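Need coordinates for the following:
(one chain, ligands or ions: 1)
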Amino acid sequence: MSDPVLSVEGLQKYFWEQNSLVDRLLGNDPVAVRAVDGLTFDVRRGETLGLVGESGCGKSTTGETVLGLQEPTGGRVEFEGRDVYDLSGEALDEFHREAQIVFQDPFSSLDPRKTIGKSVQQPLDVHDVGTKAEREDRVRDLLDRVGLSGSQYDRYPHEFSGGQRQRVAIARALALEPEFVVLDEPTSALDVSVQAQILNLLSDLQDELDLTYLLISHDLSVIRHICDRVAVMYLGEIVEIGDTAELFESPGHPYTEALLESVPRASLAEQDRTIDVLTGDVPSPRDPPSGCRFRTRCPEVIPPEGLDIDQKAYREVMNLRGLLENRSLSVTKLWERAGYDSPPEEPDDAAVDAFVDAAIERHLERSLPREYRVHVEDAFAAVARGNWETATLRDDFESVCERTNPDLDGTDHPVACHLPDR
Ligand SMILES: Nc1ncnc2c1ncn2[C@@H]1O[C@H](COP(=O)(O)OP(=O)(O)OP(=O)(O)O)[C@@H](O)[C@H]1O
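Numbering: from 1, shown residues only. Model prediction:
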């Protein structure tokens, strides 16, 4: 196993909202957006590590924070054994030369008023590399290397297609002969027909120039095509890391499995799937769920010991518990369903019974055994009487998944899940 080029430990990046002077004057408390919340991983020399996950799970923030483009909230990043956030002067300059980034959108990452030659040359000018003539020669050579031509030095970005512009952006990222490149969705803005060409170019350049990549993508086919290992991110955390082939064949985390299931499959045999695909939205990183962050959508959330109900019924109860704990059950609508134009001030027993029936009909499609159903009925009755605090159903239905956030365990293929040996 090769040594790491980049080692990340406990990395955090929070953005702060409601943090302006006006907010302070109005007495609004700042709200943390926990975009990256305690990541630990290595990127090994010469490999491509993929970072995959749904939109908003913190991939780009991770890429930018490890490069120091965003200031970290906590944690360490070591590049070639040196603490990146401690660097200054010449050592910081060297890091900026050795670690580069290619962004998703080649249309906005290139200055339309500059020739592509000047854009690629800019990092060489900034770092004062060689003579002017040597810099120009290097740029022409780079343009050849990325499948364009040195003779296109004086052309402007608008004269190029999306794929060609991304080649220019790659040439610019390579201008200073970096060792490590973050590729942030490098093909997402391109036509499908061009995507494979750019991925192949990146692979060829990696071999020729001994590069190490951190490839950020939400697209599993891109990840599978180019990555040696994959880290799966969910809501600011890594839930699984493993070799690409192994992770695709035997995903260890229910989230990874659900992500893989959400990719359309070509073969008929594979289309006949029984596992649920991902449903619901990713919760907000402003207020992530307690315990395992995936538990609000997980198809395998663990019921308390002795609770003998099937997973779909348990999911229904867990969704209901979310509504009760957030007090977001539509009480007025349930009273309407129960036959009341507006919520009665002091409902009598008959009114409460009608409310409970309406709520059960609305929120419990699956039948629960009588012994469990009474707890749900009691909770709805409490809501009908306005006693939200006694209606959490926590005592009867709480899962280990909401109490404790599982660690990323294991050596070769670490997985953060309470279910052992899935
Ligand atoms: N400057 C910012 N201020 C506040 N919140 C931010 C800021 N930048 C990102 N976020 C939030 O941080 C979270 C992670 O965003 P990030 O862009 O890193 O995710 P991502 O996985 O790369 O998603 P995408 O693929 O959509 O870019 C999101 O909820 C996003 O809204």
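
alpha carbons only for contacts and neighbour counts from here, please
OK.

how about the residues of the stretch 151-300 of the chain near the ligand?
residue 285 (Cα under 6 Å from any ligand atom).

Against residue 244, how distant is the residue minimising distance to the centre of the chain?
Residue closest to the mean C-alpha point of the chain, counted by Cα atoms, centre = their mean, is residue 57 at 2.6 Å. Separation of residue 57 from residue 244 (Cα to Cα, to the nearest Å): 20 Å.

before we move on, what about residue 12?
From residue 12 to residue 244 the distance is 25 Å (Cα to Cα).

Is residue 71 in a helix, a strand, or coil?
Assigned by DSSP: H, G, I helix; E, B strand; the rest coil, the conformation of residue 71 is coil.

Give the phi and psi angles for it, as a check.
Dihedral pair for residue 71: phi -80, psi 130, per degrees, to the nearest 10.

The residue lying closest to it once chain neighbours are set aside: how many residues sit nearby?
Setting aside the residues directly before and after it, residue 71 is nearest to residue 65 in space (Cα to Cα, 6 or more residues apart in numbering), at 6.2 Å. Neighbour count for residue 65, taken as other Cα atoms under 10 Å: 20.

Provide a list of residues in contact with residue 65.
13, 71-72 (Cα atoms under 8 Å, 6 or more residues apart in numbering).

Just the closest of the residues you listed to the ligand, please.
residue 13 (8.7 Å; Cα to the nearest ligand atom).

That closest one should be in a helix, yeah?
No - counting by three-state DSSP, residue 13 is not part of a helix but strand.

Begin at 400, not 1, for the rest of this chat.
All right, first residue 400 from here; so that's residue 412.

was I right about it contacting residue 468?
No - Residue 412 lies out of contact with residue 468 (Cα atoms under 8 Å); the separation is 11.5 Å.

more crowded one of those two?
residue 412 (24 against 11).

Tell me how far that one lies from residue 459.
11 Å.

Which residue does the stretch 550-699 of the chain have closest to the ligand?
The ligand sits closest to residue 684 of the stretch 550-699 of the chain, with a gap of 5.7 Å, by Cα to the nearest ligand atom.

what ranges of the stretch 700-821 of the chain fall below the confidence cut-off?
821 (pLDDT under 70).

Please, where are all the helices along it?
710-724, 730-736, 748-762, 769-783, 793-796, 799-802 (DSSP state H, counting those that start in this stretch).

which parts of the first one are buried?
It stands for helix 710-724. 713-714, 716-717, 719-721, 723-724 (16 or more other Cα atoms under 10 Å).

Tell me which stretches of the chain form strands.
Under the criterion DSSP state E, the chain contains strands at 403-416, 430-443, 447-451, 473-478, 481-482, 498-501, 579-583, 611-616, 628-633, 636-642.

Let's have the buried residues of helix 710-724 in a markdown table, adding distance to residue 602.
Output for those, formatted as a markdown table (distance: Cα to Cα, whole Å):
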| residue | distance to residue 602 |
| --- | --- |
| 713 | 46 |
| 714 | 43 |
| 716 | 48 |
| 717 | 45 |
| 719 | 48 |
| 720 | 48 |
| 721 | 45 |
| 723 | 51 |
| 724 | 49 |
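
and of these, the nearest to residue 450?
The closest of the buried residues of helix 710-724 to residue 450 turns out to be residue 714 (Cα to Cα; 28.5 Å).

quick one: contacts of stretch 465-482?
403-413, 437, 460, 463-464, 483-484, 494, 498-499.

Quick one: end-to-end length of that stretch, please.
Stretch 465-482: ends 11 Å apart by Cα to Cα.

check the contacts of stretch 465-482 against the ligand, which are close?
Counting by Cα under 6 Å from any ligand atom, residue 460 from the contacts of stretch 465-482 sit close to the ligand.

on that earlier part again, what are the phi and psi values for the residue of the stretch 550-699 of the chain closest to the ligand?
Per degrees, to the nearest 10, the backbone of residue 684 is at phi -70, psi 0.

about what we covered before: would you mind putting the helices of the stretch 700-821 of the chain into a markdown table with distance to residue 444 alongside?
Output for those, formatted as a markdown table (distance: least, Cα to Cα, whole Å):
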| stretch | distance to residue 444 |
| --- | --- |
| helix 710-724 | 43 |
| helix 730-736 | 57 |
| helix 748-762 | 52 |
| helix 769-783 | 54 |
| helix 793-796 | 47 |
| helix 799-802 | 35 |
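
Please name whichever of those helices is nearest to residue 615.
helix 799-802 (27.8 Å).

So for that closest one, what gets flagged as buried?
Quick answer for helix 799-802 (16+ other Cα under 10 Å): 799-801.

now, which of those sits nearest the ligand?
Of all the buried residues of helix 799-802, the one with the least separation from the ligand (Cα to the nearest ligand atom) is residue 801, at 21.1 Å.

which residues touch the closest one?
So residue 801 contacts 688-691, 694 (Cα under 8 Å, 6+ apart).

Of those, grab the buried ones for ChimeraX.
Selection of the buried residues among the contacts of residue 801 in ChimeraX, burial being defined by 16+ other Cα under 10 Å:
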select :688,691,694
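
Show me the two of the contacts of residue 801 that sit farthest apart.
Longest span within the contacts of residue 801, Cα to Cα: 689 and 694, 8.7 Å.

Retrieve the pLDDT associated with residue 631.
Looking at residue 631, its pLDDT reads 98.

Same question for the one 5 residues further on.
pLDDT recorded at residue 636 is 98.

For it, name its beta-bridge partners.
residue 633 (DSSP bridges).

So it sits against residue 438, correct?
Yes - taking Cα under 8 Å as the definition, residue 636 is a contact partner of residue 438 at 6.0 Å.

ok, now which ones touch the residue lying closest to residue 755 once chain neighbours are set aside?
Nearest residue to residue 755 in three dimensions, chain neighbours excluded: residue 779, at 5.5 Å (Cα to Cα, 6+ apart). The contact partners of residue 779, taken as Cα under 8 Å, 6+ apart, are 754-755, 758, 790.

for the closest residue to residue 569 other than its chain neighbours, what are its contacts?
What sits nearest to residue 569 in space, not counting adjacent residues and going by Cα to Cα, 6+ apart, is residue 501, at 6.3 Å. For residue 501, the contacting residues are 568-569, 572, 580-583, 585, by Cα under 8 Å, 6+ apart.
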